[in-house]
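*Asks:* One predicted model, sequence on top.
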Amino acid sequence: MNRNIQKGLFGAAVALLAWTSQVQAQSAVEQFYKGRNLTIMLGHPPGGSYDFYARLAAEFMRKYIPGNPNIIVENRPGGAGVVAAAFFYAQSPRDGTVISLFPETLVHTQILEPEIGRWKVQEMAYIGSFAPVNTGFVLRKAAPAKTIEEMKQKQLIVGCSGVNSQSYQYPALLKVLGGFDFKMVCGYKGSAEYIHAMEQGEVDLVSSAWNSWRVTHASPIASGELIPVLQAGLRRNKELANVPLMQEVVSDPKAKRIIEFASAGAAIGRALLAPPQIPADRLQALRDAFDKTVRDKEFLETAEKRKLDIDPTSGAEVQKIANDILNTPPDIVEGAKTSMK
């Protein structure tokens, strides 16, 4: 037989085998999910950006997952997401019926506070990120300090949920590394509570995801009642082009590197995460469904109506970002630990 014909037949056979395997895998995933519930677990209460993105996913991902499972959102607030994340890692089902949407600081908590971050992100699998999440520091109009320099000279009361949350850790970095005169007041149950406290004049400044600010407080920000003064991330959000990043307001090179490390989770953003040991075919099906969902016309139109930013990153890319954070040099990690205490 002609060698070229043999090669052609061999190639066709390989392609057929691959196609058959793909069909069989999809059929197995479809049989598994058909008639089941798929839960998206959150570590925060309703009313914030975690909840907004999770419920948007619940509405639209279903049709792209083989078997079309019913998707529900479960809010398990506590410890700025730590309680739910620890439960998810240790006790949630590994079969693909429970996924999650946890803080972008999950990797940092694992590294910086292993006694609290009782999980290993490298054993879990990211499905995809809807959007990066820069944190916006927002000041009330009547606060005693307005400029960056004034914030180093006049004390501001900063509201936060807990010491494991960005609402404490980011301002703590600025206090230690940038000389900001911040008095931290923690104990609020979530961003909705401490933002309300700021609006009532109990605190002067709070930090929360810009993805949430732009939805819930667009009017008072536009009117000047609330003023974005800083942001956390690796690059400026396009809507905050004139608002400096945290690392831009400190001068020491090592301090800048520490803040960049602490801010790197912004690139992870609002990301769906699967538990350890999820079957490979179901993980792939969820990743494929995510990729199709974020290109869906109706999904994008709905996100725009709800003022939710969509700038997606694939699961594999998010996993790489998390792994890069895990490989941060020890001296930078130690510097961040010391500064966030």
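*Replies:* It's in.
*Asks:* what comes up buried for the helix or strand hosting Ala57?
*Replies:* For Ala57, the element it lies in under DSSP states H and E is helix 49-60. By neighbour count with 16 or more other C-beta atoms under 10 Å, helix 49-60 contains the buried residues Ser49, Tyr50, Asp51, Phe52, Tyr53, Ala54, Arg55, Leu56, Ala57, Ala58, Phe60. In this view, the C-beta of every residue, glycine as well, is placed from N, C-alpha and C.
*Asks:* Now do the contacts for the third one.
*Replies:* Okay, so that is Asp51. Counting by C-beta atoms under 8 Å, 6 or more residues apart in numbering, Asp51 touches Leu42, His44, Pro45, Val73, Asn75.
*Asks:* Go again with 7 Å.
*Replies:* Leu42, His44, Asn75 (C-beta atoms under 7 Å, 6 or more residues apart in numbering).
*Asks:* Identify the residues contacting the nearest residue to the second one once chain neighbours are set aside.
*Replies:* Spelled out, it's His44. Nearest residue to His44 in three dimensions, chain neighbours excluded: Tyr50, at 4.6 Å (C-beta to C-beta, 6 or more residues apart in numbering). Tyr50 makes contacts with Leu42, His44, Leu101, Arg270, as judged by C-beta under 7 Å, 6+ apart.
*Asks:* what's around the first one, how many residues?
*Replies:* With neighbours defined by other C-beta atoms under 10 Å, the count for Leu42 comes to 25.
*Asks:* And it, what's its pLDDT?
*Replies:* You'll see Leu42 listed with a pLDDT of 97.
*Asks:* Go ahead and confirm it touches Ala54.
*Replies:* Yes - applying C-beta atoms under 7 Å as the test, Leu42 and Ala54 come out as touching, 5.7 Å apart.
*Asks:* which neighbours do these two share?
*Replies:* Val73, Leu101.
*Asks:* what about the strands in the stretch 151-300 of the chain?
*Replies:* 156-160, 182-186, 205-209, 226-232, 271-274 (DSSP state E, counting those that start in this stretch).
*Asks:* Can you check what angle separates the third one from strand 182-186?
*Replies:* Angle between the axes of strand 205-209 and strand 182-186 is 60 degrees (criterion: axes from the mean of the first three to the mean of the last three C-alpha atoms, to 10 degrees).
*Asks:* Can you show me the CA trace of strand 205-209 as PDB?
*Replies:* Provided in PDB are the C-alpha atoms of strand 205-209 (Å, rounded to 0.1, in the frame of the first residue of the first chain):
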ATOM      1  CA  LEU A 205     -12.400  55.100  54.600                       C
ATOM      2  CA  VAL A 206     -13.000  51.500  53.500                       C
ATOM      3  CA  SER A 207     -11.700  49.300  50.700                       C
ATOM      4  CA  SER A 208     -13.700  46.900  48.600                       C
ATOM      5  CA  ALA A 209     -13.800  45.500  45.100                       C
END
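*Asks:* gap between it and the chain center?
*Replies:* Centre-to-centre, strand 205-209 and its host chain are 15 Å apart (C-alpha atoms, centre = their mean, to the nearest Å).
*Asks:* what's the model's confidence in that strand, averaged?
*Replies:* 94.
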